[in-house]
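A.B. asks: sequence first, predicted coordinates after that:
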Amino acid sequence: MTFPSHDLDTAPEGSKPLLENSQKAFGRLPGLHKVLAESPQAYEAYQLLHKLFTETDFNADELTVVWQAINVEHSCHYCVPAHTGIAKMMKVSDEITDALRNETPLPLAKLEALRTFTIQMVRERGNATDAQLEAFFAAGYSHRAVLDVILGIAQKTMSNYINHVAVTPVDEVFHPLKWQRGPTPLAV
């Protein structure tokens, strides 16, 4: 089934200003945004979640760890390449990006603890055990970070699920970064 993908001419009126903002920000219309345009409310919600998540206390490496841990866990064919490109723009090291994409150990124990906790939260649908929370806190994260991980999960679950149902084509700019999940998901 083909899912609607809009531009400025075909989008519902409520999505046109959002598409115009995306066009200005990126110099193009990302495929996810074209699909989101079908629902102005979903589009606006996604953008607000993204804005709020980037305003947390997480640094660029940590934002990338949360985003990519979720994208990889959900096997999102669109978001993994997109966030690989975004990570490059954010000056996140290739060592971190490659470890996230390939589900291999991260270079810093604190980042590995963040990835582990994020994946546990996704897999257990937010039912973190006391031991999982204690390990996260022992790595140097706070109660606020728990809530911010959940915010990141909300944002990425939305985009990952939309890309799954819409089979959103990977943007041409991200074609060199295409990704497919390996045979063995990361054990946490």
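C.D. replies: Perfect, I can see it now.

A.B. asks: check what pLDDT residue 187 gets.
C.D. replies: Per-residue pLDDT puts residue 187 at 80.

A.B. asks: next, count neighbours for it.
C.D. replies: 7 (other Cβ atoms under 10 Å). C-beta: built from backbone N, CA, C; applies to glycine.

A.B. asks: for residue 117, which three-state class applies?
C.D. replies: At residue 117 the chain is in helix, as set by DSSP: H, G, I helix; E, B strand; the rest coil.

A.B. asks: so what's it closest to, chain neighbours aside?
C.D. replies: residue 136 (4.4 Å; Cβ to Cβ, 6 or more residues apart in numbering).

A.B. asks: output the stretch of helix or strand the one you found belongs to as PDB, nothing but the C-alphas.
C.D. replies: Here residue 136, judged by DSSP states H and E, is contained in helix 130-138. The C-alpha coordinates for helix 130-138 follow below in PDB (Å, rounded to 0.1, in the frame of the first residue of the first chain):
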ATOM      1  CA  ASP A 130      15.200  -1.500  40.600                       C
ATOM      2  CA  ALA A 131      18.500  -3.100  39.500                       C
ATOM      3  CA  GLN A 132      18.300  -1.500  36.000                       C
ATOM      4  CA  LEU A 133      17.600   1.900  37.600                       C
ATOM      5  CA  GLU A 134      20.400   1.500  40.100                       C
ATOM      6  CA  ALA A 135      22.800   0.600  37.300                       C
ATOM      7  CA  PHE A 136      21.700   3.700  35.300                       C
ATOM      8  CA  PHE A 137      22.200   5.900  38.400                       C
ATOM      9  CA  ALA A 138      25.600   4.300  39.200                       C
END
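
A.B. asks: what lies in contact with it?
C.D. replies: Helix 130-138 has contacts (Cβ atoms under 8 Å, 6 or more residues apart in numbering) with 113, 114, 116, 117, 120, 128, 145, 146.

A.B. asks: ditto for stretch 148-157
C.D. replies: For stretch 148-157, using Cβ under 8 Å, 6+ apart, the contacting residues are 46, 49-50, 52-53, 56-58, 63, 66-67, 70-71, 74, 76, 79, 114, 117-118, 121-122, 126.

A.B. asks: again with stretch 45-59
C.D. replies: 18, 32, 36, 63, 66, 144-145, 148, 151-152, 154-155, 158-159.

A.B. asks: could you flag which of the residues you listed are buried?
C.D. replies: Listed as buried from the contacts of stretch 45-59 are 18, 32, 36, 63, 66, 145, 148, 151, 152, 155, 158, 159; burial here means 16 or more other Cβ atoms under 10 Å.

A.B. asks: surely the fifth one meets residue 114?
C.D. replies: Put plainly, it is residue 66. Yes: using Cβ atoms under 8 Å, residue 66 is in contact with residue 114, at 6.7 Å.

A.B. asks: now the most centrally placed residue in the chain: how far from residue 94?
C.D. replies: The C-alpha lying nearest the average C-alpha coordinate of the chain belongs to residue 67 (Cα atoms, centre = their mean; 3.6 Å). Distance, residue 67 to residue 94, using Cβ to Cβ, to the nearest Å: 16 Å.
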